[in-house]
Every structure is written in C-alpha cells, then in structure tokens.
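Enquirer: no sequence on hand, only this structure:
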Ligand SMILES: NC(=O)c1ccc[n+]([C@@H]2O[C@H](COP(=O)([O-])OP(=O)(O)OC[C@H]3O[C@@H](n4cnc5c(N)ncnc54)[C@H](O)[C@@H]3O)[C@@H](O)[C@H]2O)c1
C-alpha cells in the first residue's frame, strides 16, 4: 500500500480524496499536492488501473508533477490531479461524470479539473454542469478548446531556446528534427518546424497520423519506429508520444544534440538526466516545455483570451534558457535545475500568503 503520509517532503500531499458513487460506478481519487501558489490545477485521467493502489500511486505522482509544472509556467496555481478508475470507452456516462463533478465542487475550489488521458473537452462541459471548478471546456461553452495548440507552441519555444544554447541561434532553419508521435501535439509541432525551415523526420504507430502529416507536408521523411529515429542523424529529438522515451539504451544510441518534446515523464528512471548530460545532449525538461496546454486552460478560468494565453506560453522560451543557465552555474543537469527553480518559486511566492491582509 502506498504510504499516503510519506515522510519525504516532495511526496507529502495536502489532501487526497476518495470519491465513490455506486449507481453510476464512479470510483475516483483526487489528489491535491500543493496549494502554495493558488488552487490546485490539473486534469482528470480516466484509465483502467489494475487496482486502486496503482491509481493512488499514479494520481499522487501526477499531482506532484503539476505543482512543479504550474510553478514554472508562472501560474497562480498549485498542483493537483484526479483519476477515475475504469475503461473510458465502456464506463464513461453522463451520470458518472456529473457525480464526479459534484465531488470536485465539494472541494470548494481547492482543486480545478481539466482534460487528461481519457477525458475530453465535451466531458468537461458535463462536469461543469455540477461544478464551477472546471476548465478545458469546448469553445462553444466558453472554454479554451484543444490545449494541444499551445502545448505544441510551447514545445517549439523550448526547442528554440535549446537551439540558442547549443547552436547560438534560436532558428531551426536547416536543422534536422525527429518527431516521435504525430498526434494532437506532434502534428502541430511539425507545422511550426516546417514554417521555421527545419527538416523533419517523423514516426508513429498510427498510419492515419502519418498520413495526416504527409498530406500537409509531403517532403517530411518517415522512419519505421522510435529505434530508427533515435539512431538517425538528427540535431533534435522530440518525443511526442508516450512517457519513458528516454531509457538507458535510447540515450546510448541517441545522436541528436538536443532532446525537447511534448511527452510527459520522458525520463524512464532517475539517473537518465545525468547520462544525457554526460553524453553532451541538452535535455529541455518535459514539464517545462509542455506547459503550454495548462497555460491555455488556466487562462480560461478568467475568461479565455487566446492572445494573452499565447503570450504567456511564449515565455517558455525565457524559462527554458533560465534553466539551462542555472544548470551550468550550479553544475547540475537541467532537470535538476528545473526542480530547484520550481521549488524556489513555490517557497518565495507561496510564503507571501503569510502576510496578513487585514479584515
Ligand atoms: N495534448 C496536450 O495538450 C498535452 C499537454 C502536455 C503534455 N502532453 C503529452 O504529449 C504527448 C502527446 O500528447 P497528444 O495529446 O499529442 O497525444 P495523442 O494521443 O494525440 O498523440 C500521441 C501519438 O503518439 C503515437 N504513438 C503512440 N505510441 C507510439 C510509439 N511507440 N511510437 C511512435 N508513436 C507512437 C500515437 O499513435 C499518437 O499519434 C503525451 O505524452 C501527452 O501526455 C500533451
């Protein structure tokens, strides 16, 4: 059983809530890791976990990750996440989502939910009928819509910052960039890269996803799989499929000088960041460069304005460069520097809530 009251300070969560509604079949866990910077914000994952222990471990990890992501995205939000245990294709129903919405509402705004794996903007519209603390709704319901737009834009900004650091210019003109996974985020990233004049290589397990890119950009090269991509002569490798793209074997094989992509949890285990560093490969921390999506949905909370959200996502460029600067100064890999910068903001800005404002 996961130790909920773990002693490691990074693992302590403010609140973990178990929610059940027998009739609709709802079994959900909401984890609020930190509200130091404001109400916890993070998506709801709908996934057929093997058991509730696996669900609990996942939601705690994801919630903690959101505290760090939101802190470095410059948002006034802490970190939280929720999981609904079940197969979304079979178990999702109006009653279940609305039951879940009532539990979200019951937290009084300490947790604001959004989309994640297995949940979509239309689901958020339903949850929003029971709770005010929902974002990532459809455009027709006043929402920010598809968050992959600014996720891709943010990854592109992180890549420009990485290019500036390694090549001395942010332009990707003539650079060879491998994009693993051309789904919602990856295909938009390809658009931005081609606009900037990069040579693009893609791979995907879905023939449909590849065809969509090939229709827009017939000049893009396609390789069989991630193995072929990481062994290829690339300047930049952009993992945009699932997590764990960077394991020992991949890092040993990798020929790119930069890794910068959208996928969450790219490092298969701790220590990989050091191996990348030792091989002279610059790693742009995933949760920093993929924060454009959360920036987009956070903007919806005050009434969505795309241009304002885009301007905030553009700051990912500066944040990424700042992290590389700290990493060099403190002699640590960028992933460690990012954690330190996030913890600094949580503590420095979070502390201000202790200033009494009077009645
Ligand atoms: N959508 C967002 O706003 C957002 C925000 C932050 C992070 N992310 C992360 O970015 C990644 C991509 O998200 P998305 O929304 O584009 O998802 P998606 O499901 O639309 O796209 C993923 C793509 O990867 C492909 N894929 C799966 N396994 C593969 C493999 N082994 N090799 C090559 N391709 C493979 C899939 O076929 C699909 O086309 C995910 O890790 C996600 O968690 C997404």
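Expert: Good, I have the coordinates. Note that this is a predicted model, so its numbers are computed, not measured. Residues are numbered from 1 along each chain as shown.
Enquirer: domain parsing for this structure?
Expert: Here the domain assignment for the chain is 9-66+76-141, 148-292+302-309+315-344, based on automatic domain parsing.
Enquirer: what count of nearby residues applies to the closest residue to the ligand within the stretch 101-250 of the chain?
Expert: Shortest the stretch 101-250 of the chain-to-the ligand distance, computed as C-beta to the nearest ligand atom: residue-wise this is residue 183, at 1.8 Å. C-beta here means a position set from N, CA and C on the backbone, and glycine is covered the same way. The criterion is other C-beta atoms under 10 Å. On that basis, residue 183 has 15 neighbouring residues.
Enquirer: for it, which non-adjacent residue is closest in space?
Expert: residue 209 (5.9 Å; C-beta to C-beta, 6 or more residues apart in numbering).
Enquirer: which residue ranges of the stretch 51-200 of the chain form strands?
Expert: Using DSSP state E, counting those that start in this stretch, the strands found in the stretch 51-200 of the chain span residues 78-85, 111-112, 176-180, 199-203.
Enquirer: contact partners of the shortest one?
Expert: With contact meaning C-beta atoms under 8 Å, 6 or more residues apart in numbering, strand 111-112 is reached by 30, 32, 39-42, 77, 80, 82, 104, 133-135, 301.
Enquirer: how much distance is there from that strand to the middle of the chain?
Expert: Centre-to-centre, strand 111-112 and its host chain are 16 Å apart (C-alpha atoms, centre = their mean, to the nearest Å).
Enquirer: if we can go back for a sec, hmm, residue 239 and the residue of the stretch 101-250 of the chain closest to the ligand touching each other?
Expert: No. The criterion here is C-beta atoms under 8 Å, and residue 183 misses it with residue 239 at 11.9 Å.
Enquirer: I'd like the domains of the chain as a markdown table, with mean pLDDT appended.
Expert: Below are the domains of the chain laid out as a markdown table (pLDDT from 0 to 100):
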| stretch | mean pLDDT |
| --- | --- |
| domain 9-66+76-141 | 96 |
| domain 148-292+302-309+315-344 | 97 |
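Enquirer: output these as TSV; include the columns distance to residue 350.
Expert: Below are these laid out as TSV (distance: least, C-beta to C-beta, whole Å):
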stretch	distance to residue 350
domain 9-66+76-141	3
domain 148-292+302-309+315-344	10
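Enquirer: so which of the ones you listed is nearest residue 352?
Expert: Taking C-beta to C-beta, domain 9-66+76-141 is the member of the domains of the chain nearest to residue 352, at 9.8 Å.
Enquirer: that closest one and the ligand in contact?
Expert: No. Judged by C-beta under 6 Å from any ligand atom, domain 9-66+76-141 makes no contact with the ligand; its nearest approach is 6.7 Å.
Enquirer: in stretch 225-239, what counts as buried?
Expert: Neighbour counts over stretch 225-239 (16 or more other C-beta atoms under 10 Å) mark 226, 229, 230, 232, 234, 235, 236, 237, 238, 239 as buried.
Enquirer: farthest-apart pair in the residues you listed, please.
Expert: Across the buried residues of stretch 225-239 (C-beta to C-beta), the longest gap, 17.0 Å, separates 226 and 235.
Enquirer: tell me which element the residue nearest to residue 183 is part of?
Expert: helix 207-216 (DSSP states H and E).
Enquirer: which elements pack onto that helix?
Expert: Contact here means 3 or more C-beta pairs under 8 Å, 6 or more residues apart in numbering; DSSP states H and E; on that basis helix 207-216 packs against helix 184-195, strand 199-203.
Enquirer: switch these over to CSV; also include mean neighbour count.
Expert: Putting those into CSV (neighbours: other C-beta atoms under 10 Å) gives the following:
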stretch, mean neighbour count
helix 184-195, 21
strand 199-203, 23
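Enquirer: okay, those in CSV with distance to residue 276 next?
Expert: Shown next, in CSV, are the helices and strands packed on helix 207-216 (distance: least, C-beta to C-beta, whole Å):
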stretch, distance to residue 276
helix 184-195, 20
strand 199-203, 20
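Enquirer: dihedrals phi and psi, the nearest residue to residue 98 once chain neighbours are set aside?
Expert: Spatial nearest neighbour of residue 98, excluding adjacent residues (C-beta to C-beta, 6+ apart): residue 130 at 4.9 Å. Residue 130 adopts backbone torsions of phi -120, psi -10, taken as degrees, to the nearest 10.
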